[in-house]
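Student: Provide a 3D model corresponding to the input given below.
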Amino acid sequence: MKIGHLTLKVFALIILNDLGDTIAQALMKKGLALTGITQVTMSNLAEFVSKGVSSPLLWLGILIYALNFFVWIVILYKIDISIAMPVGSFCYIFVPITAIVFFHERIDPLRWLGIICILLGVHFVSQSKPPDPSGGPGCD
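Tutor: Predicted coordinates for the structure are as follows:
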């Protein structure tokens with residue numbers, strides 16, 4: 001089955017990559033929040049870094065990012081980067097939802113409108129056709 005000219009398998013890898021990115025971001029945010037430092041300044045930067053690097057949640061987020069790197073390599077091997085990057089924008093949806101559910105953040109209507117625009121862009125990019133490899137008319 002194809003979604004535009006993406007296979008369902010590659011599309012699933014992109015979603016997995018975006019979910020991993022979202023989870024990694026949330027874990028790192030939570031890990032850094034647990035430092036108890038509410039404002040980072042030059043005077044407390046060393047304390048913030050030392051508490052941050054001792055956070056298991058921060059390291060778990062970094063590990064997920066590292067695993068995502070390998071998933072992304074597979075994605076780039078299978079499809080054009082000009083398709084992978086825009087379709088990989090689902091984290092723009094996953095991150096705000098995660099922020100609402102786990103961090104009780106408020107997302108204003110203008111930001112939701114921006115997210116809708118991103119979704120529309122993802123749809124249009126996924127429906128576009130790859131260029132003609134034979135170098136059709138207009139190609140020198």
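Student: for A24, give me its contacts.
Tutor: For A24, the contacting residues are G61, I62, I64, Y65, N68, by C-beta atoms under 8 Å, 6 or more residues apart in numbering. Where you see a C-beta, it was placed from the backbone N, CA and C, and this is true even at glycine.
Student: the last one sits in which helix or strand?
Tutor: Counting by DSSP states H and E, the element that carries N68 is helix 56-78.
Student: same question, L19
Tutor: Using DSSP H and E, L19 maps to helix 8-33.
Student: list the helices and strands the helix or strand just after that helix packs on?
Tutor: For helix 8-33, the following helix or strand on the C-terminal side (DSSP H and E) is helix 45-53. The contact analysis (3 or more C-beta pairs under 8 Å, 6 or more residues apart in numbering; DSSP states H and E) places helix 45-53 against helix 8-33.
Student: please repeat the previous calculation with a cut-off of 10 Å.
Tutor: The contact analysis (3 or more C-beta pairs under 10 Å, 6 or more residues apart in numbering; DSSP states H and E) places helix 45-53 against helix 8-33, helix 56-78.
Student: out of the ones you listed, the one nearest E47 is which?
Tutor: helix 8-33 (12.4 Å; C-beta to C-beta).
Student: buried set for stretch 43-54?
Tutor: By neighbour count on 16 or more other C-beta atoms under 10 Å, the buried set for stretch 43-54 is F48, K51, G52.
Student: pretty sure the second one contacts G36?
Tutor: Yes. Because the distance of 7.4 Å satisfies C-beta atoms under 10 Å, K51 is recorded as touching G36.
Student: before we move on, the earlier item: give me the angle between the helix holding N68 and helix 8-33.
Tutor: In terms of direction (axes from the mean of the first three to the mean of the last three C-alpha atoms, to 10 degrees), helix 56-78 departs from helix 8-33 by 160 degrees.
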